[in-house]
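1. Pasting the sequence and the predicted coordinates here, then a few questions.
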Amino acid sequence: MTKDSSGFLDAVWTLFASLKLTIILLIILAITSIIGTVIPQNATQADYVMAFGEFLYQVFDLLDFFDMYHSWWFQLMLVMLTINITVCSIERLSVTGKTIFKKNPDPNLARFQRLSKKHEFSTGLDSDTIKKKFRSAVKRSLGYIRTGDTDNGFYIYGETGRWTRLGVYVVHTSVVMLLVGGIIGSIFGFDGFVTIPEGEKENRIRLMNNAGFQELEFEIRCDNFEVSFYDTGMAKEFRSSLVIIEDGQETVKKDIIVNDPLRYKGINIFQSSYGSVPSDIAHFSFTNKDSELGYDYKLKVGDTVDLPEAMGTFTLTGFTRDGAFQGHSVGEAFTGTLEKEGEETINLLLPLKFPTFDRMRGGNEVVAVTHFEEKFYTGLQVTKDPGIWVVYTGFLFMIFGCYITFFMSHQRLCVEVIKEKDSHKIIVAGFSDKNKPGMQLKVQKIAERLEKIKD
Amino acid sequence: MNSSIILSVITFVYGLAAFLYVAAWVFKKEKFGKIATWVVYISVVGNTAGIALRWVETYQQGFGHAPLSNLYESLVFFALVIGVLYLFIEKKYKLPVIGVVAMPLAFLSIAYASMGQSSNIQPLMPALKSNWLIAHVVACFIGYSAFAIAFGISCLYLMKRVNPDRKGFLFTSTPTLSILDDLTHQMVKFGFLFLTVGIITGAAWANSAWGRYWGWDPKETWSLITWFVYAAMLHARLVRGWQGKRIAYMSIIGFAAVLFTYFGVNLLPGLHSYQ
């Protein structure tokens, strides 16, 4: 490695080891995150142009404001924050690690002597009794105990919670886990949507953000969809009865509702939306204009029927969601053909919205859709996220880490016993790395307890 | 007798507590403060009773859900958590002056509920039917309440700071600046832990309802913004030693973010807006 590049690496390391950078990144993240809550994300271009005008649209589009949380600059900041946290943690741990992982910590007597707050009293007990009595009294409050001799007496040293200094690294590790889990999810997982009409099955999932399709190794069949309502008219429950079909076998059956998805082979299927589609069955009326007599038939797409009064043979050929007549959209419509001997076949368009549409044709007979049966389709969110367990472990780390960091501390206490003419002077002092007022109270309590047993 | 009547009455009890604390502070009558503490106990008991009764009422109407599902219910619960948290602080730190800022906030919350919001009991929409509801809402509101009290203490700090040694009007009973500073920090730590739990339970819930633990919905994003602000504040203090005025300002900015997360997001489109 050349000198220059190591100088550069050092500079980068120093940059990421700076806590100033952490605070700046947190504040910039906080401020820029606001943008995406004010500008609706992932709407259509037309909506944006209408809301902001052509010029602002171009500017915002250039800055990725319309999908800002996935923009390179926002994600770069998240990655920088994670690197920053990691580097800071390594730097700090290389210093405090010596303290944390020390096998037999020594009391630094001078450090206790320097404390401004000390509790002092004297006792007439002999030193062996003091050692025995006080040792067990200190041990009741603090874990690790060590005694040792000094020039003019001895000390009893106790401490607890040395490991809690690791709490902050647990929190920082959790942040890294969230990022790693998120990246695993976005690389190896997918997030998509599928609609399945009742009675049908599907294995192609349309991915979010027009990212194409994902084929599943199995098919999802929707046997039934039900929506129930409260008396107020508010939706109460959406329920889809789903069946998983793998290699032609029905492997799993489950009713899913919101908050209770179906999970199969790492793929999660959530109730997301619903709607209705006309089924391929409908009731038709055929009216002869001359006799003014009408005849009703229930037909399925593909059915053919011979009509009375020489109206011919009608075949229901199909259904379209977007029928068009002379260039105008008429919406959902059935199509059919009418054949009469010796005449040309007539193509019929039978829109659901306009039952009398066929009258305009001016034929001798009028075909109308009188009633069509609707069926529901269920809208399912289908996701796969192999990173989820990393994320969830990160969640647990973060909660426990925060608790340890904020509410537990490394507490150290020293009872110094100084031999005087015919008594012993006792000095009790202690400190902690966090929550210092709380530790002062604890030290005071221990000192009081010792004073009580001094005789 | 129904829950909304109880809660309306309790609103006035909270108002009385707030008034007594302010009076104790302004007129330097400790006695008022002592009475005020009892009034807070009454408020908290009544508030709890009101929420419990409302819970029963949801069953009577045939829905049966924890009364934490709309703006009215959340405001009432917010007042309760502020009240309970305040009583803990008063017991632990013996600082009734915190009541001067905490009780008006609790009063404002429940008053806004009683006067500005419909108290009709609504059934739950499908997305809210989850065991996560209680954990998520309770954690969030403990966090919000701690931040609210931290905000109040920061305001006291800034007022006191103008002239720390002044003995006259309004200032005698205020504790020292360093105690206020430390208390702000304690409250923010407490709030941060619960905000973290609130965000995480929300993420777990979102994952079981919609198949994603994070979707950058405005409420989610604003809770994260709040989390960023307080995270910056905690780091500034713990590692860079920021204290006093700067911490007080950050606590105020943090609480503004809390308020926007709570109320402002209703103005934006998203899954969390209370209707």
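-> Here it is on my side, so go on. Numbers count the residues shown, from 1 in each chain, chains lettered A, B, ... in the order given.
2. Name the strands paired with the longest strand along chain A and say parallel or antiparallel.
-> Taking DSSP state E as the criterion, chain A has its longest strand at strand A:267-288. Sheet partners assigned to strand A:267-288 using DSSP bridges are listed as strand A:262-264 (antiparallel), strand A:293-300 (antiparallel), strand A:365-384 (antiparallel).
3. Out of those, which is the most enclosed?
-> Using mean count of other CB atoms under 10 Å in any protein chain shown, the stretch among those with the greatest mean number of neighbours is strand A:365-384 (a mean of 20). From N, CA and C alone the C-beta is placed, and that goes for glycine too.
4. and the next helix or strand after that strand, what does it pack onto?
-> Sequence order places helix A:388-407 as the next helix or strand after strand A:365-384, per DSSP states H and E. Applying 3 or more CB pairs under 8 Å, 6 or more residues apart in numbering or on different chains; DSSP states H and E, one finds that helix A:388-407 contacts helix A:167-188, helix B:177-210.
5. neighbouring contacts of helix A:388-407?
-> A:164, A:166-178, A:180-182, A:184-185, A:434-435, B:189-190, B:192-193, B:196-197, B:200, B:203-204, B:207, B:213 (CB atoms under 8 Å, 6 or more residues apart in numbering or on different chains).
6. got the angle for that helix vs helix B:177-210?
-> 160 degrees (axes from the mean of the first three to the mean of the last three CA atoms, to 10 degrees).
7. Could I get the average pLDDT for helix A:388-407?
-> Across helix A:388-407, the average pLDDT comes to 95.
8. so what pLDDT did B:Ser273 get?
-> Model confidence at B:Ser273 (pLDDT) stands at 49.
9. Which helix or which strand is home to A:Gln113?
-> Going by DSSP H and E, A:Gln113 is in helix A:109-114.
10. Sheet partners, orientation included, of the next helix-or-strand element following that helix?
-> Next helix or strand after helix A:109-114 toward the C-terminus (DSSP H and E): strand A:119-123. The pairing partners recorded for strand A:119-123 under DSSP bridges are strand A:424-432 (antiparallel).
11. ok, and what's touching the strand it pairs with?
-> So strand A:424-432 is contacted by A:111-113, A:115, A:117-125, A:127, A:130, A:134, A:153, A:161, A:409-418, A:438-439, A:442-443, A:446-447, A:450, A:454 (CB under 8 Å, 6+ apart).
12. Would you verify that B:Trp222 is located in a strand?
-> No - under DSSP: H, G, I helix; E, B strand; the rest coil, B:Trp222 sits outside any strand and is assigned helix.
13. Which pLDDT value goes with the spatially closest residue to it that is not a sequence neighbour?
-> The shortest distance from B:Trp222 to any non-neighbouring residue, by CB to CB, 6 or more residues apart in numbering or on different chains, is to B:Thr261 (4.0 Å). At B:Thr261, the predicted lDDT confidence score is 92.
14. Which strand or helix spans B:Thr261?
-> Assigned by DSSP H and E, B:Thr261 falls in helix B:245-262.
15. Need the CA coordinates for that helix. PDB is fine.
-> Written as PDB, here are the backbone C-alpha positions of helix B:245-262 (Å, rounded to 0.1, in the frame of the first residue of the first chain):
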ATOM      1  CA  LYS B 245     -29.900  25.200  26.700                       C
ATOM      2  CA  ARG B 246     -29.100  23.100  23.700                       C
ATOM      3  CA  ILE B 247     -30.600  20.000  25.200                       C
ATOM      4  CA  ALA B 248     -33.700  22.000  26.200                       C
ATOM      5  CA  TYR B 249     -34.100  23.200  22.600                       C
ATOM      6  CA  MET B 250     -33.700  19.700  21.200                       C
ATOM      7  CA  SER B 251     -36.300  18.400  23.600                       C
ATOM      8  CA  ILE B 252     -38.700  21.100  22.400                       C
ATOM      9  CA  ILE B 253     -38.000  20.300  18.700                       C
ATOM     10  CA  GLY B 254     -38.400  16.600  19.500                       C
ATOM     11  CA  PHE B 255     -41.800  17.200  21.100                       C
ATOM     12  CA  ALA B 256     -42.900  19.200  18.100                       C
ATOM     13  CA  ALA B 257     -42.000  16.100  16.000                       C
ATOM     14  CA  VAL B 258     -44.100  14.000  18.400                       C
ATOM     15  CA  LEU B 259     -47.100  16.400  18.000                       C
ATOM     16  CA  PHE B 260     -46.800  16.200  14.200                       C
ATOM     17  CA  THR B 261     -46.500  12.400  14.400                       C
ATOM     18  CA  TYR B 262     -49.700  12.400  16.500                       C
END
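16. Out of the strands paired with strand A:267-288, the one nearest B:Ile110 is which?
-> Each of the strands paired with strand A:267-288 has some distance to B:Ile110 by CB to CB; the shortest is strand A:365-384, at 38.0 Å.
17. Please state the offset of the closest one from the chain centre?
-> In terms of CA atoms, centre = their mean, to the nearest Å, the centre of strand A:365-384 is set 33 Å apart from its chain centre.
18. do stretch A:428-436 as well
-> Put simply, stretch A:428-436 sits 40 Å off its chain's centre (CA atoms, centre = their mean).
19. Over to stretch A:67-83?
-> On CA atoms, centre = their mean, the centre of stretch A:67-83 falls 17 Å from that of its chain.
20. neighbouring contacts of that stretch?
-> A:16, A:21-22, A:25-26, A:28-29, A:32-33, A:35-36, A:39, A:41-42, A:63-65, A:175-176, A:179, A:209, B:216, B:221.
21. Give me the buried subset of the residues you listed.
-> Neighbour counting with 16 or more other CB atoms under 10 Å in any protein chain shown marks A:16, A:21-22, A:25-26, A:28-29, A:32-33, A:35-36, A:41, A:64-65, A:175-176, A:179, B:216, B:221 as buried within the contacts of stretch A:67-83.
22. Using CSV, write out every CA atom in the helix or strand where A:Tyr48 lies.
-> Element membership for A:Tyr48 (DSSP H and E) is helix A:45-62. What follows is helix A:45-62, C-alpha atoms only, in CSV (Å, rounded to 0.1, in the frame of the first residue of the first chain):
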residue,chain,number,x,y,z
GLN,A,45,-46.6,11.5,-13.6
ALA,A,46,-49.9,13.1,-14.6
ASP,A,47,-50.8,13.7,-10.9
TYR,A,48,-47.4,15.3,-10.2
VAL,A,49,-47.5,17.6,-13.2
MET,A,50,-51.0,18.7,-12.2
ALA,A,51,-49.9,19.3,-8.6
PHE,A,52,-46.5,21.0,-9.2
GLY,A,53,-46.4,22.2,-12.8
GLU,A,54,-44.0,21.0,-15.5
PHE,A,55,-41.0,22.8,-14.2
LEU,A,56,-41.1,21.7,-10.5
TYR,A,57,-42.0,18.2,-11.7
GLN,A,58,-38.8,18.1,-13.7
VAL,A,59,-36.7,19.3,-10.7
PHE,A,60,-38.4,17.0,-8.2
ASP,A,61,-38.0,14.1,-10.6
LEU,A,62,-34.3,14.8,-11.0
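23. Briefly note if it comes near chain B.
-> No - figure legend: helix A:45-62 not in contact with chain B (CB under 8 Å from any CB of the partner chain); closest approach 12.0 Å.
24. ok, residues contacting that helix?
-> A:39-40, A:66.
25. What are the buried residues along it?
-> Within helix A:45-62, the residues that qualify as buried by neighbour count (16+ other CB under 10 Å) are A:48, A:52, A:57, A:60.
26. Which of the residues in the next helix or strand after it are classified as buried?
-> Later in the chain than helix A:45-62, the nearest helix or strand by DSSP H and E is helix A:72-100. Residues A:74-75, A:77-78, A:80-89, A:91-93, A:96 are the ones in helix A:72-100 that count as buried (16+ other CB under 10 Å).
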